[in-house]
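A.B. asks: no sequence on this one, just coordinates:
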Ligand code: HEC
């Protein structure tokens, strides 16, 4: 954590809450997007390979359409991927400020992997576009052009080959990198909610080979399946009236592929969710977390029945409902995870708040103006009749009372400026009629002097 201490400012009491909300919002953008990218990359590369091997254009079209629709637009990579995951990272760094754990270093690795994998997947998406542009060019140029021995044609063909090969390689690299990133991310989330393991887990392998990580990951992967299946049906059939020139044959393929992915994931998700809940350490559990967990289960059952009837009747009219239900499911699931995380880091949060208060106090003391005032002279003139440092006179000894203020100059200055009744063993202190600036100077002088003793 030492590296992070340098640039992560501890969140003050109010900011802790703000950071928690920021984290939830970042995850709300990032998780559905990552689910779609993960599902789309695996399904697309599967049909891409199958289509090339069998020379089936329908499969190739599906491979192209999935990655194009589900990756939304090149700008989505920043808005829904990189920026949210980086802000989630900083939120975690703040909340785990004092925690001695490798979580943050591992999460940094996951963040880098996410960003790199997204870059690969958008390249993959582009190679399809280039491919179809080249295809159209061929059509325009006509058959003759292809049989020509012209140098230019050769160039085009070479380019076509390079697009073709980077199409497979970028797709594969992207999907495996993304899968690795998701696995490590699932592991860091598991570790973050398990403070008992912070001290003992100090390398990647312990994160990778952990049941908690495995089931967190499986729950995430099955969620990705639901999201992807639902999103395909939504984007292909519902959004803006569905995609153009949808043929019966193509429609049947899309429904079958997306439906079965969503259905199987819908069956597996509640199962993995419950197992991963069983691995949640006791410190992270609470009635609230349990409640959210039950809500997630109920939503996933309702969702499952919708998906089932959609697949069974090959009817996509409820695509929008399914899509909305998926968003609700993800939202409640994130809230559940964050509630568990909040429970787990409760002690840590108290510590952070304390540190933050110290910082705040120091910052505030710096702004208290005391220049040009001789505190010692004021003491001799106005206070020494009633106060000494080591013994009580009319008023209590400073050495007894000043440490109570714990270095808070402003608070002590407020008292000196306008004394309130405090200790029943003493009469109230008469107001000495100091100016604000003089009271500040007295407070600072007293704190410095008592602090040094
Ligand atoms: C007439 C006597 C008298 C004078 C003069 C006086 N004080 Fe006090 N002071 C008291 C008494 C009595 C108390 C205890 C009040 C109580 O506990 O409610 C006290 C309490 C305090 C305390 C402790 C407050 C706490 O939180 O317990 C501080 C600090 C203090 N005085 C600072 C000063 C300073 C600085 C001056 C000079 C500018 C000063 N006093 C002048 C009588 C005096």
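C.D. replies: On my side now, so go ahead. What you see is a predicted model; the values in this text were computed from it and never measured.
A.B. asks: got the residues of this structure near the ligand?
C.D. replies: Within the chain, the positions lying close to the ligand (C-beta under 6 Å from any ligand atom) are 378, 382-383, 385-387, 394-396, 401-402, 404, 415-416, 421-423, 426-430, 432, 434, 442. Where you see a C-beta, it was placed from the backbone N, CA and C, and this is true even at glycine.
A.B. asks: Just to check, residue 86 is in contact with residue 112?
C.D. replies: No - Residue 86 lies out of contact with residue 112 (C-beta atoms under 8 Å); the separation is 10.2 Å.
A.B. asks: Among the residues of the chain next to the ligand, which lie within helices?
C.D. replies: 378, 401, 415, 416, 442 (DSSP state H).
A.B. asks: ok, so what distance separates the residue of the stretch 201-350 of the chain at minimum distance from the ligand from residue 245?
C.D. replies: Closest approach between the stretch 201-350 of the chain and the ligand, counting by C-beta to the nearest ligand atom: residue 350, at 25.3 Å. Distance, residue 350 to residue 245, using C-beta to C-beta, to the nearest Å: 61 Å.
A.B. asks: just residue 41 next, same as before
C.D. replies: Residue 41 is 25 Å from residue 245, by C-beta to C-beta.
A.B. asks: on that earlier part again, ok, residue 86 and residue 112, which is more surrounded?
C.D. replies: Between residue 86 and residue 112, counted using other C-beta atoms under 10 Å, residue 86 has the larger neighbour count: 16 against 13.
A.B. asks: and the more buried one, that's in a helix?
C.D. replies: Yes - under DSSP: H, G, I helix; E, B strand; the rest coil, residue 86 sits within a helix.
A.B. asks: Mind giving me the packing neighbours of the helix or strand residue 217 falls within?
C.D. replies: Taking DSSP states H and E as the criterion, residue 217 maps to helix 211-233. If you count contacts as 3 or more C-beta pairs under 8 Å, 6 or more residues apart in numbering; DSSP states H and E, helix 211-233 packs onto helix 13-54, helix 57-70, helix 151-192, helix 248-278, helix 287-312, helix 319-344.
A.B. asks: and the ones you listed as a markdown table, adding mean pLDDT and mean neighbour count?
C.D. replies: Below are these laid out as a markdown table (pLDDT from 0 to 100; neighbours: other C-beta atoms under 10 Å):
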| stretch | mean pLDDT | mean neighbour count |
| --- | --- | --- |
| helix 13-54 | 93 | 20 |
| helix 57-70 | 93 | 21 |
| helix 151-192 | 89 | 18 |
| helix 248-278 | 93 | 18 |
| helix 287-312 | 93 | 17 |
| helix 319-344 | 93 | 20 |
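A.B. asks: which one of those lies closest to residue 373?
C.D. replies: Nearest to residue 373 among these is helix 13-54 (32.3 Å), distances taken as C-beta to C-beta.
A.B. asks: what's the angle between that closest one and helix 211-233?
C.D. replies: 60 degrees (axes from the mean of the first three to the mean of the last three C-alpha atoms, to 10 degrees).
A.B. asks: Counting neighbours, what do you get for the residue of the stretch 151-300 of the chain found nearest the ligand?
C.D. replies: In the stretch 151-300 of the chain, the residue found nearest to the ligand is residue 195; the distance is 37.4 Å by C-beta to the nearest ligand atom. By other C-beta under 10 Å, the residues close to residue 195 number 20.
A.B. asks: and the gap between it and residue 153?
C.D. replies: 65 Å.
A.B. asks: helix or strand for residue 98, which one?
C.D. replies: With DSSP H and E as criterion, residue 98 is part of no helix or strand.
A.B. asks: Ok, the one 3 residues further on next?
C.D. replies: Element membership for residue 101 (DSSP H and E) is empty, with no helix or strand holding it.
A.B. asks: Give me the local confidence score for the spatially closest residue to it that is not a sequence neighbour.
C.D. replies: Leaving aside its sequence neighbours, residue 101 sits nearest to residue 198 (C-beta to C-beta, 6 or more residues apart in numbering; 3.8 Å). pLDDT recorded at residue 198 is 87.
A.B. asks: List the contacts of residue 155.
C.D. replies: For residue 155, the contact set (C-beta atoms under 8 Å, 6 or more residues apart in numbering) is empty.
A.B. asks: can you tell me how far it sits from residue 139?
C.D. replies: From residue 155 to residue 139 the distance is 18 Å (C-beta to C-beta).
A.B. asks: what does the model give the closest residue in space to residue 68 that isn't next to it in sequence for pLDDT?
C.D. replies: Residue nearest to residue 68 in three dimensions, not counting chain neighbours: residue 125, with 6.0 Å by C-beta to C-beta, 6+ apart. In this model, residue 125 is scored at 95, pLDDT.
A.B. asks: Was I right to think residue 125 contacts residue 67?
C.D. replies: Yes - Residue 125 is within contact range of residue 67, at 4.9 Å (criterion: C-beta under 8 Å).
A.B. asks: so what pLDDT did the spatially most central residue of the chain get?
C.D. replies: Most central in the chain under C-alpha atoms, centre = their mean is residue 88, positioned 3.1 Å from the mean C-alpha point. If you check residue 88, the pLDDT there is 94.
A.B. asks: residues touching it, list them.
C.D. replies: Going by C-beta under 8 Å, 6+ apart, the list of residues near residue 88 reads 23, 26, 27, 30.
A.B. asks: Kindly report the same for residue 306.
C.D. replies: So residue 306 contacts 318, 321, 322, 325 (C-beta under 8 Å, 6+ apart).
A.B. asks: ok, the nearest residue to residue 115 once chain neighbours are set aside - how many residues close by?
C.D. replies: In space, and not counting its chain neighbours, residue 115 is closest to residue 82: 5.2 Å by C-beta to C-beta, 6+ apart. By other C-beta under 10 Å, the residues close to residue 82 number 16.
A.B. asks: so residue 82 sits in a helix?
C.D. replies: Yes - under three-state DSSP, residue 82 falls within a helix.
A.B. asks: where's it relative to the ligand, distance?
C.D. replies: Distance, residue 82 to the ligand, by C-beta to the nearest ligand atom, to the nearest Å: 52 Å.
A.B. asks: Compute the distance between that residue and residue 74, please.
C.D. replies: Distance, residue 82 to residue 74, using C-beta to C-beta: 12 Å.
A.B. asks: do the same with residue 305
C.D. replies: 36 Å.
A.B. asks: Contact partners for the residue nearest to residue 238 when sequence neighbours are not counted?
C.D. replies: Excluding its sequence neighbours, the residue lying closest to residue 238 (C-beta to C-beta, 6+ apart) is residue 319, at 4.0 Å. Residues counted as contacts of residue 319 (C-beta under 8 Å, 6+ apart) are 230, 233, 234, 237, 238, 310.
A.B. asks: Looking at neighbours, which among those is most surrounded?
C.D. replies: residue 230 (32 neighbours).
A.B. asks: Go ahead and confirm that residue touches residue 307.
C.D. replies: Yes - using C-beta under 8 Å, residue 230 is in contact with residue 307, at 7.4 Å.
A.B. asks: Need the overlap of contacts for these two.
C.D. replies: Shared contacts of residue 230 and residue 307, counting by C-beta under 8 Å, 6+ apart, come down to 262, 322.
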